[in-house]
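Asker: would you be able to build a 3D model of this:
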Amino acid sequence: MKTKKHRGSFMLRFMVFGFSVAVGLLAFWLLGYIVRDIDRVQGPNYSQMLDEGLPQELQDERQLLAAQLADLKQQIASAERRRQLTGQTTRDSQQTINQLLELKRNADENATSLSDGQQTALTDSLQLFLANQSQTQTLNAELSGLNDQLDDVERLRRENEQVITRESRPIADEYETLAEQHQWKLAAYKLALLIPMLLLCSWLFVRQAGGTYAMLVYALSGAVAARVLLVMHDHFPTIYFKYILILLSLAIATGVLVRLLRLIARPSRDWLLRQYREAYAHFFCPICDHPIQRGPLKFAVWTRRSLKKRTPVTVDGDAATFDQPYTCPSCETTLFHACQKCGGVRHSLLPACEKCGAGAEVEQEVGA
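Answerer: Next up, the predicted model:
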């Protein structure tokens, strides 16, 4: 006797689905942490390779020029601040001189003279103005010299950078080669961990398909497969990943198609029972899809689309008179026949009699 498979209540099935999704997400999360830990494996260090590969005199010259540039820029900034301060002092002195000259002109017009204090202030302001003018010229000359030095150092730095760039090109090529090898090594480490897990999940997927722990296997398989795809996307070149993804999708689609074709050619018992059950429920022949016109539906006509809109037929009289054996007139398949145990009419293609519960095994024993 075949063990019956219970579907469970809606809440139980909903909880199974929810926890299956949670298991898949947690497994995907855990694998992500493991993959990131593998990424911590040290690869080639470009700065260290430059320090070891470049001539020491070029590196010393670059550091010296950089120090000189920083020092010259600091000197130029300091001289610029002093020039601005001197310029402000010169403008203040000029304003004072203009005011004193205005007072002297008024005094000359009035036939008077400036006081001793005003005359001394005018003399001091003129001396300060001339001194500031001289200092401004000195600062301008200093800034001009510093800028010339800065231009020379910048030129030397550019020449040094050109030489360093030319000398570091082989080092950069070597670094790219080592970095690519390191990426392939990381991919190998990750796939060495994930591929056996994927193979195990694939084996469980085939063995447990439709079984008790199918949802658990589906969740874990989905998490591992998604992480494998992400690892290949991160480490494989785009052209390789494109072909791998297409081939993998083609293999999956081909496998599903082959399974569906086998299911059509040699359907399983559960698949046939589901097909027969749905066909009987919609009053269509499970074999050829012809309408089952028996009982109250003897002279009715319907399709799958119009069946949902049809008003239920009222049965007048004894319903047992309508419950008679029936054979499909299209494919000659017996759809209803008399039960050999209770004598009532039962579905021929379903496993049990709806009146007495006798199964196909009981009918075979009675028939024998």
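Asker: in contact with Ala79, which residues?
Answerer: Leu139, Glu142, Leu143, Leu146 (CB atoms under 8 Å, 6 or more residues apart in numbering). Backbone N, C-alpha and C define where each C-beta goes, glycine included.
Asker: can I get the residues you listed in a markdown table with neighbour count, pLDDT and distance to Lys242?
Answerer: Listed next are the contacts of Ala79 as a markdown table, based on neighbours: other CB atoms under 10 Å; pLDDT from 0 to 100; distance: CB to CB, whole Å:
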| residue | neighbour count | pLDDT | distance to Lys242 |
| --- | --- | --- | --- |
| Leu139 | 19 | 84 | 66 |
| Glu142 | 16 | 86 | 64 |
| Leu143 | 16 | 87 | 60 |
| Leu146 | 19 | 89 | 58 |
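Asker: of these, closest to Phe336?
Answerer: Leu146 (110.1 Å; CB to CB).
Asker: you'd agree the closest one is in a helix?
Answerer: Yes: counting by DSSP: H, G, I helix; E, B strand; the rest coil, one finds Leu146 located in a helix.
Asker: the stretch 151-300 of the chain: helices as residue ranges?
Answerer: Along the stretch 151-300 of the chain, counting by DSSP state H, counting those that start in this stretch, helices occupy 214-235, 238-265, 269-281.
Asker: mean pLDDT for the ones you listed - can I get that in CSV?
Answerer: As requested, those are exported to CSV (pLDDT from 0 to 100):
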stretch, mean pLDDT
helix 214-235, 87
helix 238-265, 79
helix 269-281, 82
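Asker: let me have the ones you listed in TSV, adding distance to Thr90 and mean neighbour count as columns.
Answerer: Below are those laid out as TSV (distance: least, CB to CB, whole Å; neighbours: other CB atoms under 10 Å):
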stretch	distance to Thr90	mean neighbour count
helix 214-235	66	18
helix 238-265	67	11
helix 269-281	102	13
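Asker: need the ones you listed in CSV (columns: distance to Thr89).
Answerer: Formatted as CSV, the helices of the stretch 151-300 of the chain follow (distance: least, CB to CB, whole Å):
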stretch, distance to Thr89
helix 214-235, 65
helix 238-265, 67
helix 269-281, 101
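Asker: how about these, which one is nearest Leu178?
Answerer: Distance to Leu178, taken as CB to CB, is lowest for helix 214-235 among the helices of the stretch 151-300 of the chain, at 15.1 Å.
Asker: which elements pack onto that closest one?
Answerer: helix 10-38, helix 116-207, helix 238-265 (3 or more CB pairs under 8 Å, 6 or more residues apart in numbering; DSSP states H and E).
Asker: for this protein, give me the ranges with low pLDDT.
Answerer: For the chain, the stretches with pLDDT under 70 are 1-8, 103, 108-109, 111-115, 210, 302, 306-322, 360-368.
Asker: got the domain ranges for it?
Answerer: 14-235, 237-266, 269-309+322-367 (automatic domain parsing).
Asker: hmm, back to that, which stretch among the helices and strands packed on helix 214-235 comes nearest Arg274?
Answerer: So among those, helix 238-265 is nearest, using CB to CB, at 11.3 Å.
Asker: report the inter-axis angle for the closest one versus helix 269-281.
Answerer: Counting by axes from the mean of the first three to the mean of the last three CA atoms, to 10 degrees, helix 238-265 lies at 60 degrees to helix 269-281.
Asker: just to revisit the earlier point, which of the contacts of Ala79 sits closest to Leu30?
Answerer: Nearest member of those to Leu30, counting by CB to CB, is Leu146, at 62.2 Å.
Asker: grab the nearest non-local neighbour of the closest one.
Answerer: On the basis of CB to CB, 6 or more residues apart in numbering, the spatially nearest residue to Leu146 that is not a chain neighbour turns out to be Ile76, at 4.9 Å.
Asker: now Arg277
Answerer: Nearest to Arg277 is Leu350, by CB to CB, 6+ apart, at 6.9 Å.
Asker: could the contacts of Ala79 go into TSV alongside distance to Thr123?
Answerer: Shown next, in TSV, are the contacts of Ala79 (distance: CB to CB, whole Å):
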residue	distance to Thr123
Leu139	25
Glu142	29
Leu143	31
Leu146	35
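Asker: centroid residue for this structure?
Answerer: Central residue check for the chain by CA atoms, centre = their mean: the C-alpha nearest the mean position is that of Leu230, 8.5 Å away.
Asker: residues contacting it?
Answerer: Here Leu230 is in contact with no residue (CB under 8 Å, 6+ apart).
Asker: can you tell me what sits against stretch 30-45?
Answerer: Against stretch 30-45 from outside (CB under 8 Å, 6+ apart): 175, 178-179, 182-183, 185-186, 189-190, 193-194, 223-224, 227, 231.
Asker: how about that stretch as CSV, C-alpha atoms only?
Answerer: Provided in CSV are the C-alpha atoms of stretch 30-45 (Å, rounded to 0.1, in the frame of the first residue of the first chain):
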residue,chain,number,x,y,z
LEU,A,30,27.4,32.6,5.6
LEU,A,31,29.0,31.6,2.3
GLY,A,32,29.6,35.3,1.7
TYR,A,33,31.6,35.7,4.9
ILE,A,34,33.7,32.7,4.0
VAL,A,35,34.4,34.1,0.5
ARG,A,36,35.4,37.5,2.0
ASP,A,37,37.7,35.7,4.4
ILE,A,38,39.4,34.1,1.4
ASP,A,39,39.8,37.5,-0.1
ARG,A,40,42.1,38.4,2.8
VAL,A,41,44.9,36.3,1.3
GLN,A,42,47.6,38.8,0.5
GLY,A,43,48.4,39.5,-3.2
PRO,A,44,51.2,41.4,-4.9
ASN,A,45,52.0,44.9,-3.4
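Asker: alright, that wraps it up for me.
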